[in-house]
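S.K.: sequence unknown, structure follows:
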């Protein structure tokens, strides 16, 4: 099974190429100031968070292309930071363009969902006799469910766009199309992969969420939790860095290993 095969390949590739963790570590360190500032100045942390978010919009496609390129090489033998820089630079425009397509689609679907929610809310709260009735509410609910389903399906089918761009040397549009094609021909395997990644991502999100709560005085006081000392915040931060680096490196290689397994155009050398 592709999911298990990729799981077997990933630890081996990482053990032989721990250098893969370095770009992940750098990316996490870029986001570190906002976590530390939450314990000192939450308002300043919000401003810094906004600035970092804007910076990441520009940087993430470079890191994304570079990490995928490193992972692809690691699965065949050895990789290096030179590969990261080369793949990040050569695939930057394509990965950025594909990312912007995803943002545009998400914006459109979010816009539709927002107006459906607003319209449904007014209809529910209406007591003037001009409400749309039960049938209308059911229709609004179905529309909302369809929007959510459309979003989930879209993400499901295009999730390997960066792997397609880097591994198969495709452009932005062709990368999105190839991801859709590969997933369409391996629906069951991709569903299993997505469920596993979703569970792992949920665990990682929980860890980061708890770390954010513990490092914020407002959160600890609001939840009646004991306030964490500065040393405690530093300790939590170090744990987040270590966990995030390990998880990011594992996911980066695992996603490429799985893509190579289900992609008929790639020679699997692992």
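M.R.: Noted; the coordinates are in hand. Everything quoted here is computed from the prediction, not taken from an experiment.
S.K.: Mind telling me what element the spatially most central residue of the chain is part of?
M.R.: For the chain, residue 201 is the residue whose C-alpha lies nearest the centre (Cα atoms, centre = their mean; 8.4 Å). Under the criterion DSSP states H and E, the helix or strand holding residue 201 is helix 187-214.
S.K.: What score does residue 123 have for pLDDT?
M.R.: At residue 123, the pLDDT value in this model is 63.
S.K.: what's the next secondary structure element after the helix or strand where residue 83 lies?
M.R.: Per DSSP H and E: residue 83 is located in helix 81-90. Elements were assigned by DSSP H and E; along the chain past helix 81-90, the next helix or strand is helix 92-125.
S.K.: by how many degrees do the helix holding residue 83 and helix 92-125 diverge?
M.R.: 60 degrees (axes from the mean of the first three to the mean of the last three Cα atoms, to 10 degrees).
S.K.: Show me what helix 81-90 is packed against.
M.R.: Counting contacts by 3 or more Cβ pairs under 8 Å, 6 or more residues apart in numbering; DSSP states H and E, helix 81-90 packs against helix 21-30, helix 42-74. In short, each C-beta sits where N, CA and C put it, glycine included.
S.K.: By mean pLDDT, show me the worst of those.
M.R.: Looking at the helices and strands packed on helix 81-90, the weakest mean confidence is helix 42-74, a mean of 88.
S.K.: in stretch 9-29, what counts as buried?
M.R.: Using 16 or more other Cβ atoms under 10 Å as the test for burial, stretch 9-29 gives 9-10, 13-14, 17, 19-25, 27-28.
S.K.: and that stretch, how far apart are its ends?
M.R.: 27 Å (Cα to Cα, to the nearest Å).
S.K.: going forward can the numbers begin at 56, since that is how I track them
M.R.: Sure thing, new numbering starts at 56, so read that last one as stretch 64-84.
S.K.: What is the subsequent helix or strand relative to the helix or strand of the chain with the lowest mean pLDDT?
M.R.: Least confident helix or strand of the chain, by mean pLDDT, DSSP states H and E, is helix 272-277 with a mean of 56. Using DSSP H and E, the helix or strand that directly follows helix 272-277 along the chain is helix 285-317.
S.K.: That next one vs helix 242-269, what angle?
M.R.: Using the same axes, to 10 degrees: helix 285-317 against helix 242-269 is 170 degrees.
S.K.: what distance separates helix 285-317 from the centre of its chain?
M.R.: Here helix 285-317 is found 12 Å from its chain centre; the criterion is Cα atoms, centre = their mean, to the nearest Å.
S.K.: Reformat the buried residues of stretch 64-84 as a markdown table; add distance to residue 203.
M.R.: Output for the buried residues of stretch 64-84, formatted as a markdown table (distance: Cβ to Cβ, whole Å):
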| residue | distance to residue 203 |
| --- | --- |
| 64 | 34 |
| 65 | 31 |
| 68 | 35 |
| 69 | 35 |
| 72 | 39 |
| 74 | 40 |
| 75 | 34 |
| 76 | 35 |
| 77 | 37 |
| 78 | 33 |
| 79 | 31 |
| 80 | 35 |
| 82 | 29 |
| 83 | 30 |
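S.K.: Right, I'll leave it there.
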